[in-house]
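Trainee: got a structure for you, letters missing:
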């Protein structure tokens, strides 16, 4: 009985029954008709869901025979696992789309009727096993669709609908012709039968038959360049209809293609190329698109291209087993995300991406938008992430590196335009705010929620245990629910969650991971305490920060490259969103995201190559990659150094660090930047120290590190903005660490890790101190500060000590780093790098002094007379870190011994101690003794001066009481030497710091846009041209495949 | 630790006294030579000491704040500390100071200690000229650091050690073993860097003595100034000792030390009286050109000729 109720044939019965009843009911009562309509859609979705669940639990495939005659003599429908999944997904989307669009749909009986027929047509396309019947269902769907496109009777819609009719009619004609020829050769219309008698299809007729069928299906999927008509539809159609075209009709067609694909064994390369070109071209052209719905159109077409490509390549290389996860995951991801976005576009009703500034500050709307976009570009935890991972891995296994590059480049381009749009939505401007209630948001919100659920299940089917791994997502979700609480309460909740979660995840790590856990998790927590200094609501901030810190914890526990990459991408996503929360953070956040994704894709490619070579995704197996080791190492190392802000790829760094919230920046620089160091260490540990890799990639890495150190320092020298200066400084200091790792020696690694710990400590202090100063002065420009030592003495002392610890001046920790690095470089014979290191550390003095002089010393502004010390809670983490700096300065053995032990498994070696003095091949360093001597030589003159002061009265004087040459200082503003502090240095060597990197990347962006402009020249908007393209497309496919059959 | 600390400290105190007094007298001596060149009589030999006493016994002093007060303390601590880490007389336990605490790297980096503290003190005075002077001084420092670092790397490579004592030891056994003769290219680079380091003409714009009051000590006076004056002599002499140790065979006795350091100093003086002052950007560019090339050549030379 139950089986009868939930029999898939019920879908057609319900659809047809409702369709016939609707006009009648509509005459009686409109409301009742739409209720029945919704119930019918719900019933169809329920039947499909029940079928899917049963099949997923092992129930047998349901074969539906018609007319009481077995196939091939009669039409049959099939409801297997894949069919049920597609039907369920499409019906669910249809239900939500109808919900979203009901206020308009219910106005006419015809629209209700057509909508339900369209859905039924798609279901039929999925289920039927008969070629001619497939044609019928395609026609049913097309007719319903173009009527729905045009029913609002606006000019644009009508014209787009008309182009749609023409294009799909030609496609249908091709299909019908193809069907006829196939029937002629095989004598059957049953798809299974045709496949069974595939050998009968041959000669010119068979070739043309297959080509007609293929062209038809491809045209339905809107391949570039024969897709102008489709874009016009996406742009103008009502968003619910556009969404159904994008996710529903395309789903039917792609499933149809899947069904007949066995016939196209010889065309698979062509199909993949068609998909690849479409994916790439759509995403390039999307860059220039400002109309939201057309943008979504490009993205839809691109995603379809990706699915076609994946399906063809996997089929071609016999990877059928992966189809479900990869194509299914991509499809589900696209379905939910794209539909959600189209509906959002329908709700918001803003045509251009700029207009979306009106949604800024609407949390639910932004959440839904963000979830859908993140899913679409393949970020975890959504299905697309796992699917794309699987796709790249399988492509690598088949050595399809060019295809991997294409997929990744296309994805990056897609991210660029989608998140540019998101950026506009985040940034309020003078455009009119969008007023939407909660109710219209429910369908897209449901799509977003389903994305999360689907992500969870896709993760499980990808073989991931999503317990700990997705902890950042759960934590963020839980904290997001508390987002209405007062700011400080949320901060405390975040700290509790991070502390508990961090300990749970990373509490029992050992060795190297433990050291990084101390920096990333414990250190991150310490820095996060500082967030208490602001009491405002900071919507979204605390959930994201918890996600970021916990993703760092899960990163450390990763055993497989998939776990590592998942955590890495969660880190990317959460940190990107954190940057956008800064006052002017949106624009730099985009470039941060793009470079982060670029680096992540390199890492992904590296892991894929390793997987292809070893057959394992265990991180520990990376080293078995054999001949691929240099390639794997280069890809991964490049990915990590981009994320570390390496010279040439650094242009994302200053903007992101500067414009993020002040406490966010502290965490990004002091804590998160170490994640790339961790990655580099892990990779180098598995790969780099082996003899067979040769030194070249490591030597290149060493130079990248040192040039980064030098140019980071040089650029920091010329900054007026406090945080920007510190940002460049971070970049430079990480350069030393990268160079240390590149040494691939025990001493080099100890140096690198020592500097990592040290950088965490002093850069944490500096950024938190900067946060305090900016909080009080309300400016980031250093020349607008000055003389703040009088108001903020504790902050000054913190900054001074941090700067000494950074500079390398004994007796504080910095010297140890310089000593270790120099010795390690000399041991290795990298003299030139050592020399460059000397220079860059000297240059660093310039900006370090500039901070102290222009912010804390010199003349204080009159307006700053009554400023108070930084908030206490900001000072607490600083003081803790300073105490650690002092302890480690006096007794570095405390740090060096664990570091030495931790790196020994990767790079064998040991530190040589003579008492408390560390010995190297060249020299020695006795830190406790240095501390004592420096203390002594400092105390003695001080005592002397104090004694002298007893004999004479030392009079404190006012600010302006200075020996000024023959004139009187006018105002503090004129007397404070701070603006263009190193103008003379700029005159001398400013030529070195011309922004070549920025110019280069701007040019890359410019070229991409130019390419986009030239690619879209084809879209004339003229229906006749579009028809011509379709015909030419067929001809092109014909010539491209001549001789394949 | 089997160091007899009291003995060590006593010995160091003695060294400190000798070097400081020597530095003061040599300062006067140099001033007299310059005066002779310019056709003047010059100051008495005791003038530097008199100056210090005179400033020390001023009855009034002002303070701009705590860093201003501590600036000279940092400065002289930098001078004394640098001396503490440099072995002065080769083969003498008494005058080897605390060179066991660290090697050449320590000395090079500790030289910044005093400069940094001084810069902070001068900065707090609020005098813009002090800040200008420091900004110029630091910029020049980054420039002469390049040939100096290259030259240091060359000799570290040559002697395969960072220990100053061992570098001196390697140069014993006759003048022909001095770095000056075994690696003249490195010495040339280092001596050019030395010109910048001493801050005599043509590289003295950051101090701008005499005609305009510009530079870090602009606002210091009284007891502060006495500390700075003492340090100028001490720190100057210490740098000379360091150069003597690295490049000129070190010294086995005080007389040898006096002669060698004086001779090294005279290089800077001879250049100083002969050349007019560079603008700061000119001086920066100067060090990045010929001296840097010489420094690079010195490493290439060591790699090709001296290291197997």
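Mentor: Noted; the coordinates are in hand. On a predicted model such as this, the values are computed, not experimentally measured, just so you know.
Trainee: For chain B, which segments count as helices?
Mentor: B:5-37, B:47-56, B:66-85, B:104-124, B:128-159, B:164-170, B:179-182, B:184-198, B:222-247, B:254-274, B:280-288, B:290-301 (DSSP state H).
Trainee: Now mean neighbour count, mean pLDDT and distance to residue A:558 too, for the ones you listed, in JSON lines please.
Mentor: All C-beta spots, glycine's among them, are computed from the backbone N, C-alpha and C. What follows is these, written out as JSON lines (neighbours: other CB atoms under 10 Å in any protein chain shown; pLDDT from 0 to 100; distance: least, CB to CB, whole Å):
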{"stretch": "helix B:5-37", "mean neighbour count": "17", "mean pLDDT": "92", "distance to residue A:558": "51"}
{"stretch": "helix B:47-56", "mean neighbour count": "17", "mean pLDDT": "93", "distance to residue A:558": "65"}
{"stretch": "helix B:66-85", "mean neighbour count": "26", "mean pLDDT": "94", "distance to residue A:558": "45"}
{"stretch": "helix B:104-124", "mean neighbour count": "25", "mean pLDDT": "91", "distance to residue A:558": "38"}
{"stretch": "helix B:128-159", "mean neighbour count": "26", "mean pLDDT": "92", "distance to residue A:558": "40"}
{"stretch": "helix B:164-170", "mean neighbour count": "20", "mean pLDDT": "94", "distance to residue A:558": "47"}
{"stretch": "helix B:179-182", "mean neighbour count": "19", "mean pLDDT": "94", "distance to residue A:558": "52"}
{"stretch": "helix B:184-198", "mean neighbour count": "24", "mean pLDDT": "94", "distance to residue A:558": "49"}
{"stretch": "helix B:222-247", "mean neighbour count": "24", "mean pLDDT": "93", "distance to residue A:558": "49"}
{"stretch": "helix B:254-274", "mean neighbour count": "17", "mean pLDDT": "93", "distance to residue A:558": "58"}
{"stretch": "helix B:280-288", "mean neighbour count": "21", "mean pLDDT": "94", "distance to residue A:558": "46"}
{"stretch": "helix B:290-301", "mean neighbour count": "20", "mean pLDDT": "95", "distance to residue A:558": "43"}
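Trainee: can you put those helices in JSON lines and add distance to residue A:330?
Mentor: Shown next, in JSON lines, are the helices of chain B (distance: least, CB to CB, whole Å):
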{"stretch": "helix B:5-37", "distance to residue A:330": "73"}
{"stretch": "helix B:47-56", "distance to residue A:330": "80"}
{"stretch": "helix B:66-85", "distance to residue A:330": "62"}
{"stretch": "helix B:104-124", "distance to residue A:330": "56"}
{"stretch": "helix B:128-159", "distance to residue A:330": "54"}
{"stretch": "helix B:164-170", "distance to residue A:330": "66"}
{"stretch": "helix B:179-182", "distance to residue A:330": "68"}
{"stretch": "helix B:184-198", "distance to residue A:330": "62"}
{"stretch": "helix B:222-247", "distance to residue A:330": "66"}
{"stretch": "helix B:254-274", "distance to residue A:330": "73"}
{"stretch": "helix B:280-288", "distance to residue A:330": "55"}
{"stretch": "helix B:290-301", "distance to residue A:330": "55"}
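Trainee: Got the phi and psi for residue A:956?
Mentor: Backbone torsions for residue A:956, taken as degrees, to the nearest 10, come to phi -70, psi 140.
Trainee: Isn't it up against residue B:66?
Mentor: No: assessed by CB atoms under 8 Å, residue A:956 is found out of contact with residue B:66, at 10.1 Å.
Trainee: Ok, which of the helices of chain B comes nearest residue A:348?
Mentor: Of all the helices of chain B, it is helix B:128-159 that lies closest to residue A:348, at 52.8 Å by CB to CB.
Trainee: how about the nearest residue to residue A:244, chain neighbours excluded?
Mentor: residue A:97 (5.5 Å; CB to CB, 6 or more residues apart in numbering or on different chains).
Trainee: and that neighbour, how many residues sit next to it?
Mentor: With neighbours defined by other CB atoms under 10 Å in any protein chain shown, the count for residue A:97 comes to 29.
Trainee: what sits against it?
Mentor: The contact partners of residue A:97, taken as CB atoms under 8 Å, 6 or more residues apart in numbering or on different chains, are A:240, A:243, A:244, A:248, A:339, A:343, A:443.
Trainee: try 7 Å
Mentor: Going by CB atoms under 7 Å, 6 or more residues apart in numbering or on different chains, residue A:97 touches A:240, A:243, A:244, A:339, A:343.
Trainee: neighbours around the first one, how many?
Mentor: In this case it means residue A:240. Residue neighbour count, defined by other CB under 10 Å, stands at 25 for residue A:240.
Trainee: Could you list the contact residues of the stretch 701-850 of chain A toward chain B?
Mentor: Residues of the stretch 701-850 of chain A lying near chain B by CB under 7 Å from any CB of the partner chain: A:787, A:789-790, A:807-810, A:815, A:818-819, A:822, A:826, A:831, A:834-835, A:838-839, A:842-843, A:845-846, A:849.
Trainee: Could you rerun that using 6 Å?
Mentor: Within the stretch 701-850 of chain A, the residues that sit near chain B (CB under 6 Å from any CB of the partner chain) are A:808-810, A:815, A:819, A:822, A:831, A:834-835, A:838-839, A:842-843, A:845-846, A:849.
Trainee: Mind picking the lowest-pLDDT entry from those?
Mentor: Among those, residue A:810 carries the weakest pLDDT, at 89.
Trainee: where does residue A:379 land in three-state SS?
Mentor: coil (DSSP: H, G, I helix; E, B strand; the rest coil).
Trainee: pLDDT wise, what is it at?
Mentor: The model reports residue A:379 with a pLDDT of 93.
Trainee: What of the one 4 residues further on?
Mentor: On the pLDDT scale, residue A:383 is placed at 94.
Trainee: and what of the one 4 residues further on?
Mentor: The predicted structure scores residue A:387 at 95 on the pLDDT scale.
Trainee: tell me what the helix or strand it falls within is packed against?
Mentor: Following DSSP states H and E, one finds residue A:387 within helix A:383-397. Under the contact criterion of 3 or more CB pairs under 6 Å, 6 or more residues apart in numbering or on different chains; DSSP states H and E, helix A:383-397 touches helix A:329-348, helix A:401-426, helix A:442-461, helix A:586-614.
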